[in-house]
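>>> kindly generate the corresponding structure for this input.
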Amino acid sequence: MVKVIDAHAHLEEIDNLEEALKRAQAAGVIAVVAVGSDYSSNIQVLEIWEKYKNYVYPALGLHPWELDENYSKVLEQIRSEADKIVAIGEVGLDFKIKISKELQIKAFREVAKLAIELDKPLIIHARDAWRKAFEVIVEEGVQRAVFHWYSGPLDLLTEIEKKGYCISVTPAIEYQRKHIAAVEKFPLDRILVESDSPVNYRGKIAEPADTLISLKGLAKVKNISIEEVAEKVLDNTIKFYSLKI
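Coordinates of the predicted model:
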């Protein structure tokens, strides 16, 4: 059985989490990075981590969908819990939503500064804002970042690669053309795999075990054996998050 880490899951949103994690373990998922989105979900992420230590690893976030003028409260929360987390995320920009771009960029810039202060990698959501998100982290000097579910411009991937950043693969690798094209172009040694649970992929609600769908899709796109892909991606993920596994 291949081994894999789910690099991005919203565990607090999963129904019957204990059973879902058992299925993940049975499928070969040896760890899950639980990502937060706002103050309350960050608290839930830490509670889940307390219950499933050494299997679940927490990341605390400030998702653009949850952003308001009081976001500094979340930044202070992340700072105060920094010794417990493996990353800051999910964070970023989303120019498809109604929340002002100016507020999003301002908050994301502060998140980038916090990542440098705490020496933590960023897990970035950047729907319709890929280049701007990239520009912000480059301008602020962020060293480690993963562009979650990358489906942006192919020309930007060259710049992302040069900066040493990563992208992640979701089960959408089975059908989303922009995602497939990005994964084809990007080097395997900068790719992570994830479930993004509990996202609905064409009628199927994802759970951490579905990280294997991402892994198999990645192997197919790269035309490499699943065993070779699994070994490389596992190493990528452990290094990216500085995991002790």
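>>> where does this protein have low pLDDT?
Along the chain, segments meeting pLDDT under 70 are nowhere present.
>>> which residues in it form strands?
For the chain, the strands defined by DSSP state E cover 4-9, 29-35, 56-62, 87-94, 122-127, 145-147, 166-169, 191-193, 200-201, 204-205.
>>> quick one, the third one and strand 29-35 angle?
So that's strand 56-62. Angle of strand 56-62 versus strand 29-35, following axes from the mean of the first three to the mean of the last three CA atoms, to 10 degrees, is 20 degrees.
>>> just to revisit the earlier point, winner for burial among the strands of the chain?
Across the strands of the chain, the average number of neighbours (mean count of other CB atoms under 10 Å) peaks for strand 4-9, which reaches a mean of 30. The C-beta positions use only the backbone N, C-alpha and C, and glycine is treated the same way.
>>> identify, by residue count, the longest helix of this structure.
helix 101-118 (DSSP state H).
>>> can you name every helix or strand that it contacts?
Secondary-structure packing of helix 101-118 (3 or more CB pairs under 8 Å, 6 or more residues apart in numbering; DSSP states H and E): helix 72-80, strand 87-94, strand 122-127, helix 130-140.
>>> mind doing that once more with 7 Å?
With contacts defined as 3 or more CB pairs under 7 Å, 6 or more residues apart in numbering; DSSP states H and E, helix 101-118 has these neighbours: helix 72-80, strand 87-94, helix 130-140.
>>> dump the ones you listed to CSV, plus distance to residue 35.
Output for the helices and strands packed on helix 101-118, formatted as CSV (distance: least, CB to CB, whole Å):
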stretch, distance to residue 35
helix 72-80, 12
strand 87-94, 5
helix 130-140, 16
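>>> and among those, the most buried is which?
Taking mean count of other CB under 10 Å, strand 87-94 is the most buried of those, at a mean of 27.
>>> who does that strand pair up with?
Note on strand 87-94: by DSSP bridges, its sheet partners are strand 56-62 (parallel), strand 122-127 (parallel).
>>> quick one on the thing from earlier: for residue 38, which of the helices and strands packed on helix 101-118 is the nearest?
Judged by CB to CB, the one of the helices and strands packed on helix 101-118 that comes nearest to residue 38 is helix 72-80, at 6.3 Å.
>>> so what touches the closest one?
38, 39, 42, 60, 62, 88, 110, 114, 118 (CB atoms under 7 Å, 6 or more residues apart in numbering).
>>> redo that, cut-off 6 Å
39, 42, 60, 62, 88, 114 (CB atoms under 6 Å, 6 or more residues apart in numbering).
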